[in-house]
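Participant: Dropping the sequence and predicted coords here.
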Amino acid sequence: MGKKTIIPFGPQHPVLPEPVHIDLVVEDETVVEAIPSIGFIHRGLEKLVEKRDYTQMVYVIERICGICSFGHGWGAAASIEGAMGVKIPERAEYLRTILHELSRLHSHLLWLGLLADAFGFESLFMHCWRIRETILDILEKATGGRVIFSICKVGGLRKDIDNEELKEIASKLESIRAEVKEITDVFIEDDSVKNRMCGVGVLSKEDAMELCAVGPVARGSGVVQDLRMTDNHGVYGELGFEPVIEEAGDCYARCKVRIGEVFQSIDLIVKAVEKIPDGPVDVPVKGNVEGEHMVRLEQPRGEAYYYAKGAGTKFLKRMRVRTPTNMNIPALVKILQGCDLADVPMMVLTIDPCISCTER
């Protein structure tokens, strides 16, 4: 047996763009144990309920993460709406669903680019991000922002998106579908890419369920789990939604799930544009929050949990958020055990970590 050595991985790393810190116990070139540490960039956003009223907290929670910002704003608003008994208009539900799927598109395309960069495929990285720019342009035109949108509010949305613009969005997405397929086919079919990912970082279905993995990490291991299947949020039930599932549980399977979800998001947006009803996008909201409510959303990285509690004042007593990366860290520790040291950056990326989300 070789000598065991502890190698600190992160919080700065030339390949991994997230400030994650893991102590890797290695024997020769094999990782025998991974010990994660969190807390390097903790910002205390949940503590701000003491200084920001419940309408302002929607925009505070939105800033937990730039990539998942719309979903965080939606989750915060929906949890407060539930506590206040506010029902938003159907058009607002459709628009929230459309914007959420656009966010999923730009998140998955960003991730695919980072994965390509992790195994040294620089041209593929640039092509993924080039297409992502089209999605960001759509979001900027629709909301006014490219990263933080601030369009969600308690009671609905701050502004409408007219039907002509929605049709234009659907048309643009259809026009880039072939381009997206050309790029994603490289991830699926290129031998050099498959050699790096197939059979690497295997997480069994049993381990995924036992460790409470969520999102593409769980679905890549055959766990049929996607909150968009429920009526908890949005109008997915009216769009014929079915989750993307892969059985192998390795890095390649997790990649294929996200690629499948890219095309699925395009389909969902096109269907939503066809079905969206006319009407208002918000309702008047008066009074203060009294009581508590919990909402779960399927963020691009997986299940996110939002909890709001009020006591009849304009300030919430508690706003709690639990994010997907927080839930996927135990699965990451599991798949790192026994891997080659050279595969660590790629395997960390396959859970799509967001440390800003984790350290709220």
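Facilitator: All right, it came through fine. Numbers count the residues shown, from 1 in each chain.
Participant: show me where the stretch 251-360 of the chain has helices.
Facilitator: 251-275, 324-336, 344-349, 355-358 (DSSP state H, counting those that start in this stretch).
Participant: And the first one, how far out from the chain middle?
Facilitator: Centroid displacement of helix 251-275 relative to its chain, using CA atoms, centre = their mean, to the nearest Å, is 13 Å.
Participant: between it and helix 324-336, how many degrees?
Facilitator: For helix 251-275 against helix 324-336, the angle by axes from the mean of the first three to the mean of the last three CA atoms, to 10 degrees is 150 degrees.
Participant: Who are the packing partners of helix 251-275?
Facilitator: Applying 3 or more CB pairs under 8 Å, 6 or more residues apart in numbering; DSSP states H and E, one finds that helix 251-275 contacts helix 90-118, helix 163-189, helix 191-197, helix 215-219. C-beta coordinates here come from the backbone N, C-alpha and C atoms, glycine included.
Participant: switch the cut-off to 10 Å
Facilitator: For helix 251-275, the packing partners by 3 or more CB pairs under 10 Å, 6 or more residues apart in numbering; DSSP states H and E come out as helix 90-118, helix 122-143, helix 163-189, helix 191-197, helix 215-219, helix 344-349.
Participant: about what we covered before: could you dump the helices of the stretch 251-360 of the chain to CSV with mean pLDDT?
Facilitator: Formatted as CSV, these follow (pLDDT from 0 to 100):
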stretch, mean pLDDT
helix 251-275, 95
helix 324-336, 91
helix 344-349, 86
helix 355-358, 76
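Participant: Quick one: closest of those to residue 194.
Facilitator: helix 251-275 (6.4 Å; CB to CB).
Participant: in that closest one, what's buried?
Facilitator: Buried positions in helix 251-275, judged by neighbour count with 16 or more other CB atoms under 10 Å: 251-262, 264-273.
Participant: do the same with stretch 229-249
Facilitator: 233-236, 239, 241, 243-246, 248-249.
Participant: could those residues be laid out in CSV, adding pLDDT?
Facilitator: Shown next, in CSV, are the buried residues of stretch 229-249 (pLDDT from 0 to 100):
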residue, pLDDT
233, 80
234, 85
235, 91
236, 91
239, 91
241, 87
243, 93
244, 94
245, 95
246, 95
248, 92
249, 91
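Participant: need the residues you listed in JSON lines with secondary structure and distance to residue 108, can you?
Facilitator: Below are those laid out as JSON lines (DSSP: H, G, I helix; E, B strand; the rest coil; distance: CB to CB, whole Å):
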{"residue": "233", "secondary structure": "coil", "distance to residue 108": "19"}
{"residue": "234", "secondary structure": "coil", "distance to residue 108": "18"}
{"residue": "235", "secondary structure": "coil", "distance to residue 108": "21"}
{"residue": "236", "secondary structure": "helix", "distance to residue 108": "17"}
{"residue": "239", "secondary structure": "coil", "distance to residue 108": "18"}
{"residue": "241", "secondary structure": "coil", "distance to residue 108": "16"}
{"residue": "243", "secondary structure": "coil", "distance to residue 108": "14"}
{"residue": "244", "secondary structure": "coil", "distance to residue 108": "11"}
{"residue": "245", "secondary structure": "coil", "distance to residue 108": "16"}
{"residue": "246", "secondary structure": "coil", "distance to residue 108": "14"}
{"residue": "248", "secondary structure": "coil", "distance to residue 108": "19"}
{"residue": "249", "secondary structure": "coil", "distance to residue 108": "19"}
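Participant: from these, which is closest to residue 300?
Facilitator: Nearest to residue 300 among the buried residues of stretch 229-249, counting by CB to CB, is residue 244 at 12.6 Å.
Participant: So for residue 207, which of the helices and strands packed on helix 251-275 sits nearest?
Facilitator: helix 215-219 (10.3 Å).
Participant: Could you pull up the mean pLDDT of that closest one?
Facilitator: Helix 215-219 carries an average pLDDT of 94.
Participant: going forward can the numbers begin at 3, since that is how I track them
Facilitator: Noted, 3 is the first residue going forward, which turns the last one into helix 217-221.
Participant: Which strands or helices does that helix pack on?
Facilitator: Helices and strands touching helix 217-221, by 3+ CB pairs under 10 Å, 6+ apart, are helix 207-212, helix 253-277, strand 304-315, helix 326-338.
Participant: Ends of stretch 342-350, what's the gap?
Facilitator: 12 Å (CA to CA, to the nearest Å).
Participant: buried set for that stretch?
Facilitator: Buried, per 16+ other CB under 10 Å, within stretch 342-350: 343, 345-350.
Participant: hmm, who's touching stretch 116-126?
Facilitator: Residues from elsewhere that reach stretch 116-126 (CB atoms under 10 Å, 6 or more residues apart in numbering): 17-20, 114-115, 127-131, 185-186, 188-189, 192, 194-195, 197-199, 253, 256-257, 260, 344-352, 354.
Participant: roughly how far is it from the heart of the chain?
Facilitator: 20 Å.
Participant: Give me the mean pLDDT for it.
Facilitator: On average, stretch 116-126 scores 84.
Participant: State the phi and psi torsions of the residue nearest to residue 5 when sequence neighbours are not counted.
Facilitator: Nearest in space to residue 5, with sequence neighbours left out and distances taken as CB to CB, 6 or more residues apart in numbering, is residue 29 at 7.3 Å. Residue 29 adopts backbone torsions of phi -130, psi 110, taken as degrees, to the nearest 10.
Participant: Just list whatever residues bridge to residue 29.
Facilitator: Judged by DSSP bridges, the bridge partners of residue 29 are residue 6, residue 32.
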